[in-house]
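Trainee: With the input below, show me the fold.
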Amino acid sequence: MDDKIFPEKQDFTHLIWSRFRHSSGTAGSYLKAYEEQDGIRTYYKLSAYDRVRGIYGHECVNELIVDRLLTLLGFEHVPYRLIHADVLIDDTPYDTWLCASENFRRTGEKKMAFDVFFEREKEKKETPLMFCERMGWQTRVDEMLLVDYLILNRDRHGANIEVLKDSDSRNVRLAPLYDHGVSLLFSCITEEEVVSFDVMEDRRIQSFVGSGSASENLRLICDNPVKKPLKKEDQAYLLDGLDEVIPAFLQEAIWEMIWKRWVTYENLSNS
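Mentor: All right, here's what the predicted structure looks like:
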């Protein structure tokens with residue numbers, strides 16, 4: 001097991017959670033919190049929550065799996081940790097898993113949602129994709145569209161891409177890839193739902209830069225951005241240490257989705 005999973009339960013009952021609606025349109029909300037120690041800000045996120053079911057789903061696990069996938073592919077991204085924790089929500093205690101990440105902004109940088117920046121800086125009749133090409137971000141977009149296809153990310157809306165601007169030099173860059181929870185089999189809670197889920201189905205997605213089809217978005221990729229191809233042996237690394245967190249049948253389905261979609265992409269890029 002690598003140092004990204006912390007199975008020994010920790011006390012995070014001091015965190016104050018803010019609610020964010022599922023932008024994917026599903027029920028419930030995401031709970032987020034942050035704290036700052038020694039000048040370092042850490043962000044925390046829980047999986048789906050509502051008052052009836054409490055904390056449910058496995059979006060936090062998805063963040064770790066996709067972190068590992070992006071590491072294998074060599075794409076710039078925000079690293080995540082998966083932590084077993086006690087939390088307190090509306091005075092109710094929960095034993096759960098949360099994910100944590102550090103602030104990725106450099107000193108002096110300010111962040112802005114990509115959709116806001118695009119509306120402010122775009123030229124007449126310029127699409128988000130055309131805008132990214134003009135800004136020199138095509139490779140980063142290629143990486144994003146590919147990984148969002150592999151994990152079937154349903155939630156790459158305009159605020160799930162950020163622009164970072166240096167206030168002194170006025171340099172502008174895209175933030176590392178982050179926020180991948182609403183992906184893979186996030187909507188499947190029971191074994192029956194997992195078994196019946198078609199991992200190759202081209203479900204409707206949100207993609208501010210691309211279209212509503214993850215498969216069609218592959219055709220928007222200019223150059224293969226992969227630095228190291230995915231291999232079957234990578235399954236062990238992607239799922240390492242998760243036996244205590246999610247069941248084996250879900251792990252197998254997640255790998256099936258990633259691998260089958262990878263093979264489809266590889267065949268397309270070689271044709």
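Trainee: Now the element after the longest strand seen in the chain, going C-ward?
Mentor: For the chain, the longest strand by residue count, based on DSSP state E, is strand 92-102. Remark: after strand 92-102, the chain's next helix or strand is strand 109-113, criterion DSSP states H and E.
Trainee: Leu31 touches Asp50, doesn't it?
Mentor: No: with contact defined as Cβ atoms under 8 Å, Leu31 does not count as touching Asp50 (10.4 Å). Every C-beta, even on glycine, is put in place using the N, C-alpha and C of the backbone.
Trainee: Comparing these two, which residue is more hemmed in?
Mentor: Leu31 (21 against 11; other Cβ atoms under 10 Å).
Trainee: how close does that one get to Ser215?
Mentor: Applying Cβ to Cβ, to the nearest Å, the value for Leu31 to Ser215 is 32 Å.
Trainee: Could you do Glu252 as well?
Mentor: 23 Å.
Trainee: Among these two, which residue is more densely surrounded?
Mentor: Remark: of Glu252 and Ser215, Ser215 carries more neighbours, 18 against 13, as counted by other Cβ under 10 Å.
Trainee: Name the helix or strand for the spatially closest residue to Leu88 that is not a sequence neighbour, please.
Mentor: Counting by Cβ to Cβ, 6 or more residues apart in numbering, Leu88 lies nearest to Thr13, which is 4.2 Å off, once chain neighbours are set aside. For Thr13, there is no helix or strand it lies in under DSSP H and E.
Trainee: which ones are touching Thr13?
Mentor: For Thr13, the contacting residues are Asp86, Val87, Leu88, Pro93, by Cβ atoms under 8 Å, 6 or more residues apart in numbering.
Trainee: is it true that the first one touches Leu15?
Mentor: No: using Cβ under 8 Å, Asp86 is not in contact with Leu15, being 10.3 Å away.
Trainee: quick one, which of those two is more surrounded?
Mentor: More neighbours surround Leu15 than the other of Asp86 and Leu15, with 18 against 13 (other Cβ under 10 Å).
Trainee: from memory Leu239 sits against Leu250, does it?
Mentor: No: contact criterion Cβ under 8 Å: Leu239 and Leu250 do not qualify, at 9.8 Å.
Trainee: what comes up buried for the longest strand of the chain?
Mentor: Thr96, Trp97, Leu98, Cys99, Ala100, Ser101 (16 or more other Cβ atoms under 10 Å).
Trainee: Any idea how far it is from the middle of the chain?
Mentor: 17 Å (Cα atoms, centre = their mean, to the nearest Å).
Trainee: Quick check: mean pLDDT of that strand?
Mentor: For strand 92-102, mean pLDDT is 97.
Trainee: For the helix or strand Ser269 falls within, which helices and strands make contact with it?
Mentor: Ser269 is part of helix 248-270 when elements are defined by DSSP H and E. The elements that helix 248-270 packs onto, with contact taken as 3 or more Cβ pairs under 8 Å, 6 or more residues apart in numbering; DSSP states H and E, are helix 138-150, helix 191-196, helix 234-239.
Trainee: tell me the most buried of those helices?
Mentor: helix 138-150 (a mean of 23; mean count of other Cβ atoms under 10 Å).
Trainee: strands paired with the following helix or strand past that one, and their directions?
Mentor: Remark: after helix 138-150, the chain's next helix or strand is strand 155-156, criterion DSSP H and E. If you go by DSSP bridges, strand 155-156 pairs up with strand 206-207 (parallel).
Trainee: I'd like the next helix or strand past the strand it pairs with.
Mentor: Under the assignment DSSP H and E, the closest C-terminal helix or strand after strand 206-207 is helix 214-217.
Trainee: ok, residues contacting that following helix?
Mentor: Leu145, Asp148, Tyr149, Leu152, Asn153, Asp202, Arg203, Ile205, Ser207, Gly210, Ser211.
Trainee: let's see 6 Å
Mentor: Leu145, Asp148, Tyr149, Leu152, Asp202, Ile205, Gly210, Ser211 (Cβ atoms under 6 Å, 6 or more residues apart in numbering).
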